[in-house]
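S.K.: would you be able to build a 3D model of this:
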Amino acid sequence: MGNIIAWLVLGLIAGALAKLFYPGTQGGGIFSTIVLGILGAVVGGYLGQALHIGSSSAAAASVGAFSLGSILFAVLGAMLLIFIWGLVTRRAV
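M.R.: Numbering: from 1, shown residues only. As a prediction, this is how the structure comes out:
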């Protein structure tokens, strides 16, 4: 049960920071922010491990652990997901 709460809190923090730092407006409420942050933590953690950048912090992000490095990787992963979502949903004018 503690791991689920840790994922939710890390997801909320990472998703909120990603939406704050990413330019433009992103829709969605608190649920989408949490999901974005959790998925961002997984993506950021795996990318950090694959690129051998801060391996321990990246691993911590992918399992929902709290540290400054894990939050950083989670936010970067969430910002990457926001960017990809914007490309997928962009309308041609």
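
S.K.: quick check, central residue of this structure?
M.R.: In the chain, the residue lying closest to the centroid (CA atoms, centre = their mean) is Gly40, at 2.4 Å.

S.K.: wait, that residue sits on Trp85?
M.R.: No: Gly40 lies out of contact with Trp85 (CB atoms under 8 Å); the separation is 11.1 Å. For glycine as for every other residue, the C-beta is placed from the backbone atoms N, C-alpha and C.

S.K.: still on that earlier bit, what residues does the residue nearest to the centre of the chain make contact with?
M.R.: By CB atoms under 8 Å, 6 or more residues apart in numbering, the contact list for Gly40 reads Gly11, Ala14, Gly15, Ala18, Ala74, Val75, Leu76, Gly77, Ala78, Met79, Leu80, Leu81.

S.K.: element containing the second one, please.
M.R.: The one in question is Ala14. Per DSSP states H and E, Ala14 falls inside helix 2-21.

S.K.: and that helix, what's its mean pLDDT?
M.R.: On average, the pLDDT along helix 2-21 is 80.

S.K.: for Ala16, grab the count of nearby residues.
M.R.: For Ala16, the count of nearby residues is 17 (other CB atoms under 10 Å).

S.K.: which helix or strand contains the closest residue to it other than its chain neighbours?
M.R.: Spatial nearest neighbour of Ala16, excluding adjacent residues (CB to CB, 6 or more residues apart in numbering): Thr33 at 5.7 Å. Here Thr33, judged by DSSP H and E, is contained in helix 30-50.
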